[in-house]
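Student: attaching a predicted model along with its sequence, questions to come.
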Number of protein chains: 2
Amino acid sequence: MMGEVAPSVGIDLVVLAERDDDPATSVAAEVIVGAGTDPAALRAIASCVEVVTLDHELVDRATLSTLAAAGHRIAPSAGALAFASDKAWQRHHFALAGLPVPRVAIIEREEQIESFLATLASPPVVKTPTGGYDGRGVLFPDTFEAARSVIVELLAHGPVLVEEHLDLIGEVALLLVVGRDDSRVLYPVVDTIQRDGMCSETRHPTVLPLLLVREAEDLAHRIADLVEPVGVMAVEFFWTKTGLLINEIALRPHNTGHWTIEGCATSQFENHLRAVAGLPLGPTDAPRASVMVNIVGGPEPLRPAPSGHGDVVYHDYRKAWRPGRKLGHVTVIGDDVTAASVQAWEMAVALGAATRRES
Amino acid sequence: MMGEVAPSVGIDLVVLAERDDDPATSVAAEVIVGAGTDPAALRAIASCVEVVTLDHELVDRATLSTLAAAGHRIAPSAGALAFASDKAWQRHHFALAGLPVPRVAIIEREEQIESFLATLASPPVVKTPTGGYDGRGVLFPDTFEAARSVIVELLAHGPVLVEEHLDLIGEVALLLVVGRDDSRVLYPVVDTIQRDGMCSETRHPTVLPLLLVREAEDLAHRIADLVEPVGVMAVEFFWTKTGLLINEIALRPHNTGHWTIEGCATSQFENHLRAVAGLPLGPTDAPRASVMVNIVGGPEPLRPAPSGHGDVVYHDYRKAWRPGRKLGHVTVIGDDVTAASVQAWEMAVALGAATRRES
């Protein structure tokens, strides 16, 4: 989706993709086939572009550091990416900076398990610090006994993040875009509805109390002061009875910002490119209600999209169908957020997507 | 308070006051002694000013209409004032326009009482349609039987407003300022904390869900389309589980907007004068948290104000002490709304005001 806006921003995109039939290659001026975890591939792309940016976290940060030291421009930097790709690092450094995060222990040896579990009223959430995405790497054991076994099992592969299980009122997210010169624009806070650990829907305007909207915005700025990103930084929050806690951040255009394509004056993709290219950031006004629903593969392949109308837009990622895989998203713009949500789910049902609307 | 800003807006204020020691006379370029309900006094002031405006509703609307017909400029107009000074008119016309209001009956004869009470699950709120202010003229009978007696009693003096008793999450208010040319500026929505039917505190930023903040703003515009005010229009809302309902409007600088003196780029008083004088309206940005607490007379006269500091401002109305009377207000500007609220109430306690903080 970044590639679709690159021409209008005057940017030629060179894409590093693992396969030459990756959908991103269709919008690229040039394609390099290789993995983000492969130092040679990273060196190859850095040598032929003015600035390297990323749309996922599975990259070799050490190589990015070396490239930056050799004068290549990497945005966001490898140092910033450490926060986004290692949840343990993120939680630890956010807590040190006084930012509100869930209570967490980074367990490295079995002997550390009991002392943390003893502080909890209910079984914890167990996470692998790296590589988790869309609910993979996040486990919700039912009992303390089940928690112990799963932690022990995961310890075989490295440290384990064990967190208090929060009683949530809801979850919200926002995007802050940071330019090379630290110019910043905020997008509106959205409600994010989660299903099986995956974002299934975003809604604007949010039902979050305005007081907490202002706090979320303030926290995003404080995170950016610490992380020093360039480009889009997405921040996901837990909303509890006692306020907001930071769930996690991402340093790239994010699923919770897909609604900005139709919903905002400038999309997150355009503003990400503007930021990393050193161009002025665009305005983020979002005057109308906007709902985005992820289209996730169900038990059967998707049906063809029924013809919508101007306010209902289906984005087909042209990915092969697989149950549980994100295959696209639908955005509906309207005057009423509930009506827009119902319309978006009507489209999801018509397509044969896996999930159904939750109110 | 309007008089204090008049010189900086370049306006000479002629004040119509019932007594020549009214606090408003100290800031007036000229004073006319008389009542707003006295046609002769209204004619006298209209004859020597370019525009007549009001800071309360106890005026003779028929005379204002006549004056307007004779070419005098009255802002807001007598037609607009009908909405603010007659609650029955307001409820009826708002409901007709599809604006959300509490369920209400205007009872004119005893025979009408039972059919409305039969539709209610709990005893109603009983109001006199005109002249109510700060909780006067609003009754909360405990039982249906008590409701019947009080309605019958009030019917001797004219029609009675009988409303459903709502289960409130809270109450909020906002100001919309409308210029002569229908230019408009909105002030932020504030939480209003009520005590004994009187506003005891306002808080910015609000805890209202952002979705409902947008709805409140939209409703204010729709009300203005109907009422066609000039100057400040204050709108007070009930916040219930099913959304917002309009409680009432006022067409003048309002107690729920006193915080704007220190809290906003332009105060409600300055913008009211700008609006009625046909000047461009000023910006309403309010970057910091702001809490206003009314100082109400307690059993003993107030003590002298302790010396505050820049962020805690006491406004003394220089009115004679009387238990239950509003004698001034305190505004605190800060970074955190809860801390600002606590500071404001500390000042109220130091002054010996009647009420205490409710969280």
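Tutor: Happy to help now that I have it.

Student: biggest helix in chain A by residues?
Tutor: Ranked by residue count under DSSP state H, the longest helix found in chain A is helix A:210-227.

Student: that helix to helix B:210-227, inter-axis angle?
Tutor: Relative orientation of helix A:210-227 versus helix B:210-227 (axes from the mean of the first three to the mean of the last three C-alpha atoms, to 10 degrees): 130 degrees.

Student: skipping its backbone neighbours, what lies nearest residue A:230 in space?
Tutor: Spatial nearest neighbour of residue A:230, excluding adjacent residues (C-beta to C-beta, 6 or more residues apart in numbering or on different chains): residue A:75 at 3.9 Å. For the C-beta atoms, the positions are set from N, CA and C on the backbone; glycine is no exception.

Student: quick one: contacts of stretch A:110-121?
Tutor: For stretch A:110-121, the external contacting residues (C-beta atoms under 8 Å, 6 or more residues apart in numbering or on different chains) are A:103, A:105, A:107, A:124, A:144, A:147-148, A:151-152, A:155, A:162, A:164-165.

Student: now the residues you listed: which count as buried?
Tutor: Among the contacts of stretch A:110-121, those scoring as buried are A:105, A:107, A:124, A:147-148, A:151, A:155, A:162, A:164-165 (criterion: 16 or more other C-beta atoms under 10 Å in any protein chain shown).

Student: redo those residues as a markdown table? Include secondary structure and distance to residue A:240.
Tutor: As requested, the buried ones among the contacts of stretch A:110-121 are arranged in a markdown table below (DSSP: H, G, I helix; E, B strand; the rest coil; distance: C-beta to C-beta, whole Å):
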| residue | secondary structure | distance to residue A:240 |
| --- | --- | --- |
| A:105 | strand | 19 |
| A:107 | strand | 23 |
| A:124 | coil | 15 |
| A:147 | helix | 20 |
| A:148 | helix | 25 |
| A:151 | helix | 24 |
| A:155 | helix | 28 |
| A:162 | strand | 18 |
| A:164 | coil | 10 |
| A:165 | coil | 11 |
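
Student: wait, which of those residues is closest to residue B:255?
Tutor: residue A:164 (43.3 Å; C-beta to C-beta).

Student: how about the residues of chain A by chain B?
Tutor: Residues of chain A lying close to chain B by C-beta under 8 Å from any C-beta of the partner chain are A:189, A:205-214, A:337.

Student: please redo it, this time with the cut-off set to 7 Å
Tutor: Neighbours of chain B within chain A, by C-beta under 7 Å from any C-beta of the partner chain: A:205-211, A:213-214, A:337.

Student: just the closest of those to residue B:218, please.
Tutor: The closest of the residues of chain A next to chain B to residue B:218 turns out to be residue A:205 (C-beta to C-beta; 11.0 Å).

Student: ok, back up a step: and the contacts of the longest helix of chain A?
Tutor: A:80, A:83, A:97, A:99, A:172, A:174, A:176, A:178, A:184, A:186, A:189, A:206, A:233, A:235, A:237, A:239, A:243-244, A:246, A:249, B:205-208, B:210, B:213, B:337 (C-beta atoms under 7 Å, 6 or more residues apart in numbering or on different chains).

Student: among these, which are in helices?
Tutor: Reading helices off the contacts of helix A:210-227 with DSSP H, I get A:80, A:83, B:210, B:213, B:337.

Student: any idea which of those is closest to residue B:264?
Tutor: Nearest member of these to residue B:264, counting by C-beta to C-beta, is residue B:337, at 15.1 Å.

Student: not counting sequence-adjacent ones, nearest residue to that closest one?
Tutor: Among residues not flanking residue B:337 along the chain, residue B:289 sits closest, at 4.1 Å (C-beta to C-beta, 6+ apart).

Student: kindly provide the distance from the one you found to residue A:218.
Tutor: 11 Å (C-beta to C-beta, to the nearest Å).
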